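J.: pasting a predicted model and its sequence here:
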Amino acid sequence: MDWLVDRVFPFRRLTVWLGLLVVVVSALALTFSYLLVIASLDDSLVSNRVGITAHAAQTSAPTFATNFANALSGAAGSPDTNAVTLAYGTLTNTDASVYQVITQEHLVPVTTLAPPTPSAVAISAAAANGVQSGIGTASGRRVAEAAYSMRISGTQYVVVLQSSLADIDSTVALTSRRSLLGALIALPLAVIIGALAAALLTRRIRRLERASSRIAGGNLSEPIVDRGKDEIGGLAVALDQMRNELASTDAARRAFVANASHELRTPVFALSGFLELLIDEEDETMRRQFLATMQDQVERLTRLATDLLDLSRLDAGKVVVVREPVELADAAERIARDLTPVANRRGATIVIETTPVIALGDETRIGQITRVLIDNAVRHNPEGVTIWVRTAQRGDATAVIVEDSGPPIPPADAATIFSRFARGSGAGEGSGLGLAIASELADRMGGRLVLDQSGPHKLFRLELPADRPVS
């Protein structure tokens with residue numbers, strides 16, 4: 001067991017210091033959390049409750065004064081003062097009571113719920129204008145109080161609203177207990193995890209020293225091993241960052257090549273197969289079907305090649321995006337009309353409901369994004385779908401909206417809908433690049449592309465800043 005203890009808790013200067021640092025930071029974090037959060041939690045909650053009670057008193061004072069005056073007059077059908085005050089307390093979610101002011105220091109209860117001895121807040125309200133608020137006690141428990149003075153038929157009254165703070169007291173007490181329990185659990189865990197993390201980090205740094213030659217040779221997969229006992233500091237960190245960046249770049253390159261190869265291979269193989277069938281097929285109807293299918297595959301291959309070219313140009317920073325006034329309605333209508341024949345062939349209906357809107361953006365890129373949104377709505381929805389193309393403006397923001405009556409996108413797919421090569425379970429044809437490219441183009445125009453499924457239909461919204469006229 002000695003070797004295990006030595007490996008888990010190696011007595012190295014860096015390991016010891018890192019372990020102690022984790023413990024100290026954890027202890028300080030827990031201490032400051034308690035002092036800054038728990039200690040001020042009661043004051044914040046109580047102040048908030050007092051403010052709510054005072055606001056309720058201020059906003060409802062005129063109405064209550066009218067109702068209370070009617071009750072005092074004894075008009076036929078009007079409730080008595082106790083009923084009016086009780087209803088007032090229910091309305092403001094407080095315990096309401098009323099005192100008659102004999103002198104500024106002598107207040108007499110008028111309603112049955114009023115405590116015999118008025119609080120300091122009630123006495124101060126008798127001598128001041130406006131709503132007075134503070135913290136008092138009722139039945140041995142703290143309450144938030146708000147009181148104000150009103151005069152009816154020459155008689156001065158003080159209205160007191162009290163809101164119990166028992167729930168706040170219990171919340172603060174429970175939070176304090178849970179925080180203490182969490183600290184008692186977290187600190188030992190911090191000691192153990194800190195020691196393990198420090199030991200593992202030290203081993204990792206030593207591996208980096210021995211792996212420098214392999215990194216230079218392009219081998220990024222082998223584990224880093226170093227049996228040295230000294231720290232290598234900044235050099236080790238620099239080597240680790242270099243290895244991670246190289247590995248990430250290499251992985252992205254491999255994934256891109258694999259995805260692109262797969263997407264290119266599918267239509268090519270399909271074309272090859274249909275060509276063989278076309279050579280042997282004598283039925284003219286079948287030959288036309290084969291040719292139509294081949295045309296679809298050629299279109300798919302063309303779209304994929306275009307997407308890959310756009311993606312490479314975006315990554316290389318060669319895509320020029322200008323920001324100038326653009327009439328969104330014209331741009332959206334033009335693309336919608338261009339795609340209407342394609343939509344009709346697939347059983348979809350495009351409805352154009354645009355209004356004149358001037359945005360700041362690149363007209364070519366706006367048209368490209370709109371085309372992607374409409375094309376996706378046509379291709380990735382069941383036959384018979386209705387697609388609405390709209391434009392809108394709200395404040396300083398404008399939008400091109402493409403909404404369809406198709407089924408919603410599952411949440412798991414919606415979370416990655418704008419990622420490269422993201423294809424949902426029901427995506428069907430497509431490379432998974434169109435929305436990713438559209439989203440990047442929207443960002444470069446100072447806008448954004450949003451998926452919204454909160455309404456009856458799902459919609460994609462291209463948001464762009466509005467063009468502000470020069471004053």
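T.: Nice, thanks for sending it over.

J.: mind pulling up the pLDDT for Ala75?
T.: If you check Ala75, the pLDDT there is 67.

J.: scratch that, Ala247
T.: Here the pLDDT value assigned to Ala247 is 69.

J.: ok, now Asp169?
T.: Looking at Asp169, its pLDDT reads 84.

J.: how close does it sit to Thr175?
T.: Separation of Asp169 from Thr175 (Cβ to Cβ, to the nearest Å): 11 Å. All C-beta atoms are positioned from the backbone trio N, CA, C, and that covers glycine.

J.: now Gly347
T.: On the measure of Cβ to Cβ, Gly347 and Thr175 end up 59 Å apart.

J.: compare neighbour counts for the two and give me the winner.
T.: Each of Gly347 and Thr175 has its neighbours counted (other Cβ atoms under 10 Å); Thr175 has more, 15 against 12.

J.: quickly find the element holding that one.
T.: helix 166-216 (DSSP states H and E).

J.: what comes up buried for stretch 167-182?
T.: Residues Ile168, Val172, Ser179 are the ones in stretch 167-182 that count as buried (16 or more other Cβ atoms under 10 Å).

J.: leaving out chain neighbours, which residue sits closest to Glu324?
T.: Leu360 (6.9 Å; Cβ to Cβ, 6 or more residues apart in numbering).

J.: would you agree that neighbour falls within a strand?
T.: Yes - assessed by DSSP: H, G, I helix; E, B strand; the rest coil, Leu360 belongs to a strand.

J.: wait, doesn't Ile52 sit right on Ser163?
T.: Yes - counting by Cβ atoms under 8 Å, Ile52 does reach Ser163; the two are 7.4 Å apart.

J.: neighbour count: those two, which is higher?
T.: Neighbour count, other Cβ under 10 Å: between Ile52 and Ser163, Ser163 has more, with 22 against 17.

J.: quick one: that one is in a strand?
T.: Yes - under three-state DSSP, Ser163 falls within a strand.

J.: and it, bridged to which residues?
T.: Ala144 (DSSP bridges).

J.: who does the helix or strand that Gln393 is a member of touch, helix- and strand-wise?
T.: In this assignment (DSSP H and E), Gln393 forms part of strand 386-394. Counting contacts by 3 or more Cβ pairs under 8 Å, 6 or more residues apart in numbering; DSSP states H and E, strand 386-394 is packed against helix 328-345, strand 349-353, helix 363-379, strand 397-404.

J.: what pLDDT, on average, does stretch 334-348 get?
T.: 90.

J.: which parts of it are buried?
T.: For stretch 334-348, the neighbour count (16+ other Cβ under 10 Å) marks Ile335, Ala336, Leu339, Thr340, Ala343, Ala348 as buried.

J.: run the chain-centre distance for that stretch.
T.: 35 Å (Cα atoms, centre = their mean, to the nearest Å).

J.: kindly report the same for stretch 411-424.
T.: Relative to the mean C-alpha coordinate of its chain, stretch 411-424 is positioned 17 Å out (Cα atoms, centre = their mean).

J.: what do you get for stretch 143-154?
T.: 45 Å.

J.: kindly export it (C-alpha atoms) in CSV.
T.: Taking C-alpha atoms only, stretch 143-154 is exported to CSV below (Å, rounded to 0.1, in the frame of the first residue of the first chain):
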residue,chain,number,x,y,z
VAL,A,143,-43.9,41.8,11.4
ALA,A,144,-43.3,44.3,8.6
GLU,A,145,-45.4,47.4,9.2
ALA,A,146,-46.7,50.3,7.2
ALA,A,147,-49.0,53.0,8.6
TYR,A,148,-50.6,56.2,7.3
SER,A,149,-52.9,58.8,8.7
MET,A,150,-56.3,59.7,7.2
ARG,A,151,-58.9,62.2,8.3
ILE,A,152,-62.7,61.5,8.0
SER,A,153,-65.3,64.1,9.1
GLY,A,154,-62.7,66.0,11.2
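
J.: and the gap between the nearest residue to Arg323 once chain neighbours are set aside and Leu464?
T.: Closest residue in space to Arg323, ignoring its immediate chain neighbours: Leu360 at 5.0 Å, by Cβ to Cβ, 6+ apart. Using Cβ to Cβ, Leu360 is found at 6 Å from Leu464.

J.: name the residues contacting each of the two.
T.: Met445, Gly446 (Cβ atoms under 8 Å, 6 or more residues apart in numbering).
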